[in-house]
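Peer 1: build the 3D model from these lines:
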Amino acid sequence: MNRADIRQAVFDQVDWQPDTSETLLSRLNRFINRAYQQLALEAPYFFFEDKVSFATQPDVKNDKTAATDLVRTEAGNDQWVLTRPRGIAGVDNWAIDGTWDGRVIEVKDPSGQWHRRIAREFWEDVPSNLLFVSLDRPWPNTVDIDMEYRITTPRYFLPADVIQVNSVRLWDPTRRAPLALTYEEVAERYSLDDIQGATNASGTPVRAFRQGHWKIQAPTKAPEVEKAGPWSGSDAAGQFDYCFTYIWGKRDAEYALSTGTSEALWESSPSPISSKIEAAIGSATSSGTGVRLTLPNIDWMLNFDQTATARKTHSGLRKRIYRRRYTATDQHTDSETPEVFEFLAEVDGATTLYEDNGATLADIQHRLRAIHGYHTLQLSPLPDARYDVDVRCVRRPRALDNDFDVPNLHPEAMDILIYKILVLFYEAMGNPEMSVRSQQMYEDRRTTLNNRYGSLPDTFRKRLARASDRLPRSTMLIDTSGDGYGY
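Peer 2: Next up, the predicted model:
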């Protein structure tokens, strides 16, 4: 049952033959998605489980046997940048492929005090034989030199749509049991959340527990679009509109998108949507028209596009452009026109112009996602190597943006979704009696299906943070239950 079938089922239930105005259909589509999301929170066990993966990052510390493996303030007096020599014998260079962007860097100043910063971006300069890292906050001065450092990842970020974690497991032949899932309060009480990086504090992870929430600010300005240049690529021309997001950092290359583009570590919610614009392929009498997008300069707004500074264009942020197709004309008219935003391209934070001329195909497998931030996990002990970690989970369902999109629900639960929609629909129609009756039908049917799908073991769930001096349920740290959860 797709979105169009669900909409018709609602009309059938209310015994109403409405007009099919765009306003009515759009409003009902919004009700469908709203009810769909609410059902995911109230009864996540009706949804198919999924598996997401990430790779751990071991700590990187200065090599005490290499006298030059130390950091210093940037020689050009840029307080947002630290440097280290490049190509030290026996010491690896810093990763400059974006996978270290967003990690925590700890630096010990000459007085012995440690400072913590988030690394915005790592890069190198071959002529000067230096490695650079830009910081989220400035260093206290511009004169400190020969400082010890540590680059660490104290927590790992699950995809933004994970709403319930059922198990965490290393994809490693030496450990086959799931990691024990522990409450935050227990982890703090027994110092399992130690992130100081002592030698004996790292190893193969055996436990996981929830940490804080993180998100990056969304853009507030829509892309400006205009016709410019020929449509010279192989993609079909047509009518489009656009939006974009900010991204920061990259996940391990093992988990790249289907196009080979690295998946972002963090991505913001989308910008406002541009106006619609028509692109056309050239002919014997016309050169055709592509689309030029004008985007804001986020590096400038963050004070990272200042002339004659080392941090110029190194804010760590990039822009990810999404395109929504309404028509396919001229060539490849058999292309699908789903009217959903699909990933098109990625540009640097300081880049303000992008030409969509048909040379780049949109990634139909990577649609724009609703992102409200990222839930985080900490592993204990801190990983001493790169491990692939599989997380069995329930994910927030993707919005049904197209009439042919199908809910990620067990088929038996479709009737429950329809009654949930009717609750909202009758309420909006000013019929509170039928809304209450629909709510009762929804709850009765949900109770019936709970007996089949709702018997999952108590698991580590995403929930609102709260302060408490009381340890919940059990403070057991050793797993004696045999189920791998440890409580």
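
Peer 1: so what's the residue lying closest to residue 205 once chain neighbours are set aside bridging to?
Peer 2: Residue nearest to residue 205 in three dimensions, not counting chain neighbours: residue 379, with 3.8 Å by CB to CB, 6 or more residues apart in numbering. All C-beta atoms are positioned from the backbone trio N, CA, C, and that covers glycine. On the basis of DSSP bridges, residue 379 is bridged to residue 208.

Peer 1: what about the strands in the stretch 101-250 of the chain?
Peer 2: For the stretch 101-250 of the chain, the strands defined by DSSP state E, counting those that start in this stretch occupy 104-108, 114-125, 130-135, 148-152, 156-157, 162-170, 180-182, 202-203, 207-214, 224-228, 238-250.

Peer 1: what lies in contact with whatever helix or strand comes next after the longest one?
Peer 2: This means strand 238-250. Beyond strand 238-250 on the C-terminal side, the first helix or strand identified by DSSP states H and E is strand 264-267. Strand 264-267 is contacted by residues 101-102, 157, 160, 214-216, 245-251, 318, 320, 369, 371, 374 when judged by CB atoms under 8 Å, 6 or more residues apart in numbering.

Peer 1: give the buried residues for stretch 211-227.
Peer 2: Buried residues in stretch 211-227, counted by 16 or more other CB atoms under 10 Å: 211, 216, 219, 222-223, 225.

Peer 1: which of the strands of the stretch 101-250 of the chain comes out lowest on mean pLDDT?
Peer 2: Among these, strand 202-203 carries the lowest mean pLDDT, at a mean of 85.

Peer 1: and that strand, what other elements does it pack with?
Peer 2: Here strand 202-203 touches strand 382-383, going by 3 or more CB pairs under 8 Å, 6 or more residues apart in numbering; DSSP states H and E.

Peer 1: next, the buried residues of the helix or strand that the strand it packs on is followed by.
Peer 2: Towards the C-terminus, the helix or strand next in line after strand 382-383, according to DSSP H and E, is strand 388-395. For strand 388-395, a neighbour-count test (16+ other CB under 10 Å) marks 389-395 as buried.

Peer 1: so can I have a markdown table of these showing pLDDT?
Peer 2: Below are these laid out as a markdown table (pLDDT from 0 to 100):
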| residue | pLDDT |
| --- | --- |
| 389 | 95 |
| 390 | 94 |
| 391 | 94 |
| 392 | 93 |
| 393 | 90 |
| 394 | 87 |
| 395 | 88 |
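
Peer 1: what residue ranges in the stretch 251-400 of the chain are flagged as low confidence?
Peer 2: Applying pLDDT under 70 to the stretch 251-400 of the chain flags residues 283-287.

Peer 1: quick one: the strands in it, in order.
Peer 2: 264-267, 277-279, 290-294, 317-325, 341-348, 353-356, 363-367, 374-380, 382-383, 388-395.

Peer 1: for residue 288, which of the strands of the stretch 101-250 of the chain is the nearest?
Peer 2: strand 224-228 (9.6 Å; CB to CB).

Peer 1: helices and strands around that closest one, which ones?
Peer 2: Strand 224-228 packs on strand 277-279, strand 290-294, going by 3+ CB pairs under 8 Å, 6+ apart.

Peer 1: make TSV out of those and add distance to residue 312.
Peer 2: Putting those into TSV (distance: least, CB to CB, whole Å) gives the following:
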stretch	distance to residue 312
strand 277-279	32
strand 290-294	21
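
Peer 1: tell me the most buried of those?
Peer 2: Compared across these, strand 290-294 shows the largest average neighbour count, a mean of 21 (mean count of other CB atoms under 10 Å).

Peer 1: in its sheet, which strands sit next to that strand, and in what direction?
Peer 2: strand 224-228 (antiparallel), strand 353-356 (antiparallel).
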